[in-house]
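# give the three-dimensional model of this entry:
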Amino acid sequence: MAYAGGTVVNPTIPYTCPIPGGLQNGKMVIVQGTCHHHQNNFAINLCTSPQISPLPDTALHFNVRFNENAIIRNSQQYNAWGQEERGGGMPLRKGTPFEIIILADPHHYKISINGRHFATFRHRIPKESAPYLIISGEVNVSYVKFEGGAPIMQPHYQPPPPGYAPPPGYAPGYPTGHAPPPPGASMYIAGQPMIPGSPAPPAYPGGAQPIYNPPVPFTTSIPGGIYPGRMIYISGVPNPNVSRFTVNLMCGPSEQGDIGMHFDIRFNYGGAYNQTIRTHKVGSTWGTEEKHQNYFPFVPNANSDMIILVEQASIKIAVNNQHFCEFNHRIQPLKRVDYLNVNGDVRLTSVKVQ
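Numbers count the residues shown, from 1 in each chain. I've put the predicted structure just below:
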């Protein structure tokens, strides 16, 4: 087992550890791993103490059972198990990397698998009384990390746009390479169904406060630049007569400078219809355009929630709680990319850099 930037890498299973700061609102528990073909079940537990056996009082028992083709959610108190919850099917596949994110919410745990919202589990035991994580069973865990959560004694956190989770097939963070959901379906990596025309509640809130209803064009600094783990949340409503709008991650405050990622959403522009273009720019020279997409998630006059996740080798983008695309870094060092710009035919409702 090794530690990398606060992340526990390749822990030995069974594994137990304290949750830094406890289960505050907005705290995310992120587990990435793989179940091999000979492995049948494992559990992620949020517990009142670190002892592994017998299992202590458990606020959330998330039990993956391949032999039953089900994922069980339950709680245990005073050595008695509560009512099982089994809905949602089995989105995990043996031999395929997964990422599970558990978000502590005031009333529920929200759980995403491979970037898609999977289930909510209403608190039966106060989450504050379960400050320990225990992982047991037959599983190979690549890493465990904890993110988010407002410091205790701070005012109640006002939720930002939805959180990010991994896409199916994508080994974490943001699930990658899964089939698009039906229109209006939720993502998350976690999240809740979006009501067209109104901002969706955040899937996984973080620490920084969002900027509400900024004017467009909008430019803001990204303190310290981008780096692996950095997330940017953008919520907005494309205009009813939208032609295009653009999200730029820029080196400096001007669009005339270098651009690390140019994400251009074209509803009807230059002969392109319902298409996105991803590229970069150095000096006055644009790079190769990337256009592949399995679907087009944006709708005129309907709220869209975008999450940009920076990883070591690439940038992953989710729209409406569904992984959408991935863009490999083309500008180094990453910290050069230190400004966000949004322009075009869109009304922004919320922007947050985390």
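
# could you look up the SS state of the closest residue to His37 other than its chain neighbours?
Nearest non-adjacent residue to His37, counting by CB to CB, 6 or more residues apart in numbering: Lys94, 5.0 Å away. For the C-beta atoms, the positions are set from N, CA and C on the backbone; glycine is no exception. Look at Lys94: counting by DSSP: H, G, I helix; E, B strand; the rest coil, its state is coil.

# ok, Lys94 touching Phe42?
No: if you go by CB atoms under 8 Å, Lys94 and Phe42 don't touch, sitting 11.5 Å apart.

# so for the two, which residue has more residues nearby?
Phe42 (23 against 12; other CB atoms under 10 Å).

# report pLDDT for that one.
For Phe42, the model assigns a pLDDT of 96.

# what's opposite it in the beta bridge?
For Phe42, the beta-bridge assignment (DSSP bridges) gives partners Val64, Gly137.

# and it, how far from Phe218?
Separation of Phe42 from Phe218 (CB to CB, to the nearest Å): 44 Å.

# correct me, but His123 touches Lys110?
No: using CB under 8 Å, His123 and Lys110 do not qualify as a contacting pair, with a distance of 11.5 Å.

# of these two, who's got more company?
Higher neighbour count among His123 and Lys110: Lys110, with 27 against 18, using other CB under 10 Å.

# please identify which helix or strand holds the closest residue in space to that one that isn't next to it in sequence.
Spatial nearest neighbour of Lys110, excluding adjacent residues (CB to CB, 6+ apart): Leu103 at 4.3 Å. According to DSSP states H and E, Leu103 maps onto strand 98-104.

# return the distance of that strand from the chain's centre.
9 Å (CA atoms, centre = their mean, to the nearest Å).

# buried residues in the following helix or strand past it, which are they?
Note on strand 98-104: by DSSP H and E, the next helix or strand toward the C-terminus is strand 108-113. The neighbour-count check on strand 108-113 (16 or more other CB atoms under 10 Å) flags 109-113 as buried.

# tell me where the model's unsure across the protein.
Low-confidence segments of the chain, defined by pLDDT under 70, span residues 1-6, 150-208.

# tell me the domain ranges of it?
Using automatic domain parsing, the domain ranges for the chain come out as 2-147, 211-353.

# quick one on the thing from earlier: how close does the residue nearest to His37 sit to Thr34?
8 Å.

# cool, Tyr212 as well?
Distance from Tyr212 to Thr34, by CB to CB: 40 Å.

# strands of the stretch 151-300 of the chain, start to end?
For the stretch 151-300 of the chain, applying DSSP state E, counting those that start in this stretch gives strands covering 211-212, 218-221, 231-238, 244-250, 259-269, 272-282, 285-286.
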